[in-house]
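A.B. asks: This is the structure alone, sequence omitted:
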């Protein structure tokens, strides 16, 4: 089953755990496209959402907690479509142990992720205070 199909079958779904699935992207990939060399995607190269990528998450409008820990996401920009777009109720995100944040200390990782997801209340199990969010957003603009 694809994530999109799960969303349609479970319209009340609130928590989605995609941890440690070797996801390389949250962007749409054509169906049946071979996975990039050196890695794989869920569903025979169909991306994290069965070919729909972040757009495939649209049926998951009530998901408030998303686990993406331990995947292979190479850019935090992949998260930009998750906030108000694909997952408007998103409040908690697990995103540790992805290549795009592995080499950053916690402060720099927060500065990269939090400005992309303005509704996020917790990141990697840590609550996000208004003061911390403001500091990250200011640093992001510089």
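C.D. replies: Nice, I can see it. A quick note: this is a predicted structure, and the numbers were derived from the prediction, not measured. Numbering: from 1, shown residues only.
A.B. asks: For residue 87, the count of nearby residues, please.
C.D. replies: When counting by other Cβ atoms under 10 Å, one arrives at 24 neighbours for residue 87. Glycine gets a C-beta too; all of them are placed from N, C-alpha and C.
A.B. asks: thought it was touching residue 68?
C.D. replies: No. Between residue 87 and residue 68 there is no contact under Cβ atoms under 8 Å: 11.2 Å.
A.B. asks: ranges for the helices of this structure?
C.D. replies: Counting by DSSP state H, the chain has these helices, from start to end: 3-9, 42-45, 99-102, 106-113, 130-141.
A.B. asks: and those helices as a markdown table, adding mean neighbour count?
C.D. replies: Formatted as a markdown table, the helices of the chain follow (neighbours: other Cβ atoms under 10 Å):
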| stretch | mean neighbour count |
| --- | --- |
| helix 3-9 | 17 |
| helix 42-45 | 17 |
| helix 99-102 | 15 |
| helix 106-113 | 18 |
| helix 130-141 | 13 |
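A.B. asks: List the residues that contact residue 80.
C.D. replies: Contact analysis of residue 80 by Cβ atoms under 8 Å, 6 or more residues apart in numbering lists residue 116.
A.B. asks: how far away is it from residue 20?
C.D. replies: Residue 80 is 23 Å from residue 20, where distance means Cβ to Cβ, to the nearest Å.
A.B. asks: Next: residue 10.
C.D. replies: On the measure of Cβ to Cβ, residue 10 and residue 20 end up 21 Å apart.
A.B. asks: Then residue 137?
C.D. replies: On the measure of Cβ to Cβ, residue 137 and residue 20 end up 30 Å apart.
A.B. asks: can you check residue 114 too?
C.D. replies: 23 Å.
A.B. asks: Which one's more surrounded, the two?
C.D. replies: residue 114 (23 against 12).
A.B. asks: Pretty sure the more buried one sits against residue 135.
C.D. replies: No. With contact defined as Cβ under 8 Å, residue 114 does not count as touching residue 135 (9.1 Å).
A.B. asks: hey, which helix or strand in this structure has the poorest pLDDT?
C.D. replies: helix 42-45 (a mean of 32; mean pLDDT, DSSP states H and E).
A.B. asks: Quick one, grab the pLDDT at the residue most central in space within the chain.
C.D. replies: When Cα atoms, centre = their mean is applied to the chain, the residue found nearest the centroid is residue 79 (5.0 Å). Per-residue confidence (pLDDT) for residue 79: 89.
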